[in-house]
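Visitor: Sequence first, predicted coordinates after that:
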Amino acid sequence: MSYLQEYQKSLASPEAFWREKARALAWYQAPETILAKDQYGIDRWFVDAEMNSCYMAVDVHIEQGYGDQIALHYDSPVTGTKQSFSYTQLRDDVARCAGALVALGVGRGDRVIIYMPMIPQAVIAMLACARIGAIHSVVFGGFSAAELAIRIDDAQPSVILTASCGIEIDKIIAYKPMLDEAIRVARHKPKHCLVYQRSIAPAELVAQRDIDWQAALDDAIPADCVAVKATDPLYILYTSGTTGKPKGVVRDNGGHAVAMHYSMRAVYNMQRGDVFWAASDVGWVVGHSYIVYAPLIAGVTSILYEGKPVRTPDAGAFWRVIEEYQVNAIFAAPTAFRAIKKSDPESALLNPYNLSSLRTVFMAGERLDPPTYHWIKNLLGLPVIDHWWQTETGWAICANLMGIESKPVKAGSATLPVPGFDVHILDQNGDQVASNEQGSVAIKLPLPPGCLTTIWGDVERFKQSYLSVFPGYYVSGDGGYKDEEGYVFIMGRTDDVINVAGHRLSTGEMEEVIAAHSAVAECAVVGIQCELKGQQPVALVILKDGQTMSHGKIELELVAKVREKIGAVACLKTVKIVQQLPKTRSGKILRKLIRQIADGENYLLPSTIDDPTSIGIITQAFQR
């Protein structure tokens with residue numbers, strides 16, 4: 001079936017389309033009612049089905065004779081540790097962890113917070129919760145005590161699973177003191193904490209509350225999979241909220257499993273036994289979807305990497321992992337490849353490695369700017385696929401479907417809507433705009449399986465945040481346009497469109513021009529307050545290592561280039577060369593925070609910030 005046939009069928013007959021995709025999975029009770037409204041008027045998929053996500057991800061492969069296949073490779077350059085788990089080994093460890101949770105009184109519908117680094121125990125913990133019908137909420141290891149306390153109070157977990165520490169490039173982060181402080185501050189008090197002791201920095205355990213992970217698993221009776229409804233929550237994942245209170249995105253079991261299985265085949269062209277590497281973290285949605293659930297449900301070998309693209313030990317780290325594990329597809333944020341380009345501009349560290357196993361490079365998490373696209377495309381000579389999705393959707397909204405029909409790539413575009421996603425570009429009145437005209441990117445309801453079903457404990461907030469702006473549509477919060485062939489171009493968050501003397505301009509377009517300069521490794525353009533023109537763009541630029549051109553010459557060339565490509569209306573006159581940009585741990589540049597610093601506004605330090613020292617760098621840049 002061609003892309004167009006697949007896509008049109010998904011919109012014209014969504015129930016028949018998703019019934020067919022659901023047949024590929026091993027249900028306890030297969031769905032008969034494919035789509036229905038719940039008591040809040042929210043669309044729900046597979047409402048009468050029963051299943052278990054852990055069974056679909058692990059046990060079924062063993063039953064089908066694939067128990068010896070590698071499910072997970074763990075590679076930790078920060079500790080020098082490597083470990084591989086067959087599906088049978090993973091099942092056994094997960095069953096024991098599930099048994100330990102049952103012994104602590106955890107059951108179906110109970111919440112469990114997982115506060116762990118990128119170690120196998122984090123994956124085991126997630127699957128163990130799914131195995132017994134508990135709802136897991138992974139909090140990125142190293143989040144502050146205050147932010148962890150907020151999530152404890154919102155999710156109200158009965159148990160927290162943690163590790164004694166996390167390990168960064170040049171430091172050890174003790175998790176246990178932050179967890180202890182979070183529990184002290186939180187109104188809700190979990191009954192128990194299961195603590196995995198890492199030998200590099202063991203933690204002191206609190207009597208009565210804390211339990212040693214290994215001892216608990218050694219004593220546990222392995223637990224079998226528990227049948228749950230397809231509409232039961234699988235996990236809660238917190239994302240930032242405009243009010244400052246994070247939103248607990250809820251993912252269900254059934255729709256999620258169908259979407260994950262379908263996407264591995266359709267989007268990523270992965271088949272059983274292939275090796276897939278999502279170079280992310282289980283604290284983010286990419287880690288949930290494409291380190292854990294999707295690869296395992298599809299019978300694909302996944303890689304769990306506790307390291308960075310650079311400095312663990314060098315900018316050849318990604319190439320080493322690809323060769324060593326014969327990776328067939330890698331999925332990473334553009335910022336990871338920009339870091340490699342900055343550290344190794346001549347790509348000398350690629351030379352020792354054989355990447356013949358690699359078929360495709362996928363990028364998401366932020367806009368893939370054309371200069372980065374062309375750099376990695378020319379470097380590797382492979383398809384480089386930009387795709388766009390969100391924490392809320394859990395999988396790609398727009399992509400080049402490598403498992404159905406590969407389309408010509410257009411740099412700067414996430415290609416075409418994925419089957420099930422009816423993508424529209426709307427103006428402020430909710431009307432469709434013409435081709436190549438920018439507007440708000442919205443998705444006509446119903447959303448396909450796998451997307452969020454509510455905000456934990458607050459369905460009205462869910463409706464207000466996503467469904468109220470354009471009735472009948474999910475509003476993405478991103479701006480962009482479709483060209484005459486229907487290709488979707490995401491230009492950034494709608495609040496990254498700036499107004500210069502009445503002209504609405506996309507900062508993404510300016511960043512595209514600036515990033516094309518030979519000396520530039522990475523950049524961000526923000527609009528700051530201007531008495532005369534309302535807003536004025538300012539570019540913050542990180543240079544490639546080893547470049548020798550003077551800063552003054554670079555700044556003049558960048559201003560001239562933006563004027564040439566976009567026009568004088570862009571009014572870019574200020575370029576600030578900096579050593580670092582504030583980013584989240586997943587690599588997104590915190591443009592709103594940069595604007596607040598530039599405009600002298602009060603701001604809250606985001607819980608997701610990777611390196612708080614970047615705040616001082618940006619503050620000094622705007623004081624110059």
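Guide: Now that the structure is in, tell me what you want to look at.
Visitor: Just give me the residue closest to the centre of the protein.
Guide: Closest to where the C-alpha atoms of the chain average out (Cα atoms, centre = their mean) is Val286, at 3.4 Å.
Visitor: pull the helix or strand with minimum mean pLDDT from the chain.
Guide: Every helix and strand of the chain was ranked by mean pLDDT, DSSP states H and E. The lowest is strand 503-506, at a mean of 63.
Visitor: For the closest residue to Leu445 other than its chain neighbours, report the pLDDT, please.
Guide: Counting by Cβ to Cβ, 6 or more residues apart in numbering, Leu445 lies nearest to Gly472, which is 5.8 Å off, once chain neighbours are set aside. For every residue, glycine as well, the C-beta is placed using N, CA and C. pLDDT recorded at Gly472 is 97.
Visitor: The one 5 residues further on now?
Guide: The score at Gly477 is 89. That number is its pLDDT.
Visitor: in which helix or strand would I find it?
Guide: strand 473-482 (DSSP states H and E).
Visitor: Output the helix or strand following that strand as PDB, nothing but the C-alphas.
Guide: Using DSSP H and E, the helix or strand that follows strand 473-482 towards the C-terminus is strand 488-493. C-alpha atoms of strand 488-493 as PDB (Å, rounded to 0.1, in the frame of the first residue of the first chain):
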ATOM      1  CA  VAL A 488       4.700  20.100   6.800                       C
ATOM      2  CA  PHE A 489       7.300  22.600   8.000                       C
ATOM      3  CA  ILE A 490       7.400  23.200  11.800                       C
ATOM      4  CA  MET A 491       8.900  26.500  12.500                       C
ATOM      5  CA  GLY A 492       8.900  26.500  16.300                       C
ATOM      6  CA  ARG A 493       6.600  27.200  19.100                       C
END
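Visitor: Now do strand 488-493: distance to the chain's middle.
Guide: 17 Å (Cα atoms, centre = their mean, to the nearest Å).
Visitor: so for it, what's the average pLDDT?
Guide: 84.
Visitor: just checking, what packs against that strand?
Guide: strand 473-482, helix 507-515 (3 or more Cβ pairs under 8 Å, 6 or more residues apart in numbering; DSSP states H and E).
Visitor: if you set the cut-off to 10 Å instead, what comes out?
Guide: strand 398-399, strand 422-426, strand 439-444, strand 473-482, strand 503-506, helix 507-515, helix 591-598 (3 or more Cβ pairs under 10 Å, 6 or more residues apart in numbering; DSSP states H and E).
Visitor: one step back: do you know how far the residue nearest to Leu445 is from Asp422?
Guide: 10 Å (Cβ to Cβ, to the nearest Å).
Visitor: Which neighbours do these two have in common?
Guide: Ala442, Lys444, Leu445 (Cβ atoms under 10 Å, 6 or more residues apart in numbering).
Visitor: Just grab the bridge partners of the first one for me.
Guide: If I follow you right, that is Ala442. Bridge pairing for Ala442 (DSSP bridges) gives the partners His424, Val475.
Visitor: what about the longest helix along the chain, average pLDDT?
Guide: Ordering each helix of the chain by length in residues (DSSP state H) puts helix 87-103 first. Mean pLDDT, helix 87-103: 98.
Visitor: after that helix, next one along is what?
Guide: strand 111-115.
Visitor: Paired strands for that following strand, with orientation please.
Guide: By DSSP bridges, strand 111-115 pairs with strand 135-138 (parallel), strand 159-163 (parallel).
Visitor: average pLDDT for it?
Guide: 98.
Visitor: now do stretch 328-348
Guide: 94.
Visitor: Likewise for stretch 118-138?
Guide: 98.
Visitor: From one end of that stretch to the other, what's the distance?
Guide: With Cα to Cα, to the nearest Å as the measure, the first residue of stretch 118-138 is 11 Å from its last.
Visitor: quick one: that stretch to chain centroid distance?
Guide: The answer for stretch 118-138 is 17 Å, by Cα atoms, centre = their mean.
Visitor: how about low-confidence regions in this structure?
Guide: 241-244, 494-504, 506, 531-533, 568-569, 586 (pLDDT under 70).
Visitor: Can you add neighbour count and distance to Leu605 and give the shared contacts of Gly472 and Asp422 back as TSV?
Guide: Formatted as TSV, the shared contacts of Gly472 and Asp422 follow (neighbours: other Cβ atoms under 10 Å; distance: Cβ to Cβ, whole Å):
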residue	neighbour count	distance to Leu605
Ala442	23	31
Lys444	14	37
Leu445	14	36
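Visitor: Closest to Lys482 out of these?
Guide: The shortest gap between Lys482 and any of the shared contacts of Gly472 and Asp422 belongs to Ala442, at 12.0 Å (Cβ to Cβ).
Visitor: got a list of what that closest one touches?
Guide: Residues counted as contacts of Ala442 (Cβ under 10 Å, 6+ apart) are 422-426, 430, 432, 466, 469-470, 472-478.
Visitor: Might you report the residue contacts of Val285?
Guide: Val285 neighbours (Cβ under 10 Å, 6+ apart): 138, 235, 237, 239, 249, 251, 365, 389-395, 586.
Visitor: same deal with Ile615?
Guide: Here Ile615 is in contact with Gln580, Pro582, Leu590, Leu593, Ile594, Ile597, Tyr603, Leu605, Ile609 (Cβ under 10 Å, 6+ apart).
Visitor: try Thr454
Guide: 38, 40, 42, 44, 233, 248-250, 252, 460-463, 466.
Visitor: which of those count as buried?
Guide: Among the contacts of Thr454, those classed as buried by neighbour count (16 or more other Cβ atoms under 10 Å) are Ile42, Arg44, Pro233, Gly248, Val249, Val250, Asp252, Arg461, Phe462, Tyr466.
Visitor: for the stretch 201-350 of the chain, what spans make up the strands?
Guide: 210-212, 228-229, 233-239, 247-252, 275-278, 301-305, 329-332 (DSSP state E, counting those that start in this stretch).
Visitor: Quick one: closest of those to Ser84.
Guide: Of all those, strand 301-305 comes closest under Cβ to Cβ, at 8.8 Å.
Visitor: Pull up the pairing partners for the closest one, direction included.
Guide: strand 70-76 (parallel), strand 275-278 (parallel).
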